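S.K.: quick one: sequence and predicted model below, then my questions.
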Amino acid sequence: MKRIALCLAAALTVAAGQALAADSPAKPDASAETAMPAANWLFVQVGDSFTSDGKTLTIHGVAPQTLMFTDRPERMTGDVQTSKFADYWTGGKDDFQKDPPNATVSTVVDGKTDLVVVELLNPRISGDSITYDIRTLDGTLPSSGKAVSVFIDWWYGPGWHRRWGWGAGPGPWAGGRCWRGPWGHLHCRPWWG
């Protein structure tokens, strides 16, 4: 379990460094791109703080990029604009609105890590904040906290167009594009992100 946690922390550190280096990460050389492969993607949104009334969760100072990662069939990282992540919540036959994801909200309360599992619904962006309707599944979410991370349940996709229900579009990376990072892993971005 500790090894999995360390691998996850390392992957998130690499992904965070790549995604947060700039609001608009540099586009890779097109000759180095490859189609985005099918994988179980998990998402992470981080913020400076949060507030909750028990029915909603608002992440304040949310990062402009939502991080994504997987370890099967290949360890990959990725990112998508947080505003685009919220925009595409309701697209397609099996979207997140019809099949809401679970998420673990991780923060520090009184010097101790606090983890609460919620179901996320209906994201709304306002300035540098994102608000979700929530249904608490395990634990009790505090009314506020600082330095929050929200780990959002997986989504399986052979490229994003099938998940969200749009046509494949032109080109070999219609569902998204990936390129090899400096350590040999794939870093991906959905075509809409």
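M.R.: Received it, and whenever you're ready, just let me know what you need. Numbers count the residues shown, from 1 in each chain.
S.K.: point out where the chain drops to low pLDDT.
M.R.: Applying pLDDT under 70 to the chain picks out residues 1-31, 73, 91-95, 155-175, 191-193.
S.K.: show me where it has strands.
M.R.: For the chain, applying DSSP state E gives strands covering 34-35, 39-52, 56-60, 65-70, 76-81, 102-109, 112-126, 129-138, 144-157, 176-180, 186-190.
S.K.: make a markdown table out of these and add mean neighbour count and distance to F96.
M.R.: The C-beta positions use only the backbone N, C-alpha and C, and glycine is treated the same way. As requested, those are exported to a markdown table (neighbours: other C-beta atoms under 10 Å; distance: least, C-beta to C-beta, whole Å):
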| stretch | mean neighbour count | distance to F96 |
| --- | --- | --- |
| strand 34-35 | 14 | 23 |
| strand 39-52 | 21 | 10 |
| strand 56-60 | 20 | 15 |
| strand 65-70 | 25 | 12 |
| strand 76-81 | 23 | 13 |
| strand 102-109 | 18 | 11 |
| strand 112-126 | 15 | 8 |
| strand 129-138 | 17 | 10 |
| strand 144-157 | 18 | 8 |
| strand 176-180 | 19 | 17 |
| strand 186-190 | 24 | 14 |
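S.K.: reformat those as a markdown table; add distance to D87.
M.R.: As requested, the strands of the chain are exported to a markdown table (distance: least, C-beta to C-beta, whole Å):
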| stretch | distance to D87 |
| --- | --- |
| strand 34-35 | 23 |
| strand 39-52 | 14 |
| strand 56-60 | 16 |
| strand 65-70 | 12 |
| strand 76-81 | 9 |
| strand 102-109 | 18 |
| strand 112-126 | 8 |
| strand 129-138 | 11 |
| strand 144-157 | 15 |
| strand 176-180 | 16 |
| strand 186-190 | 12 |
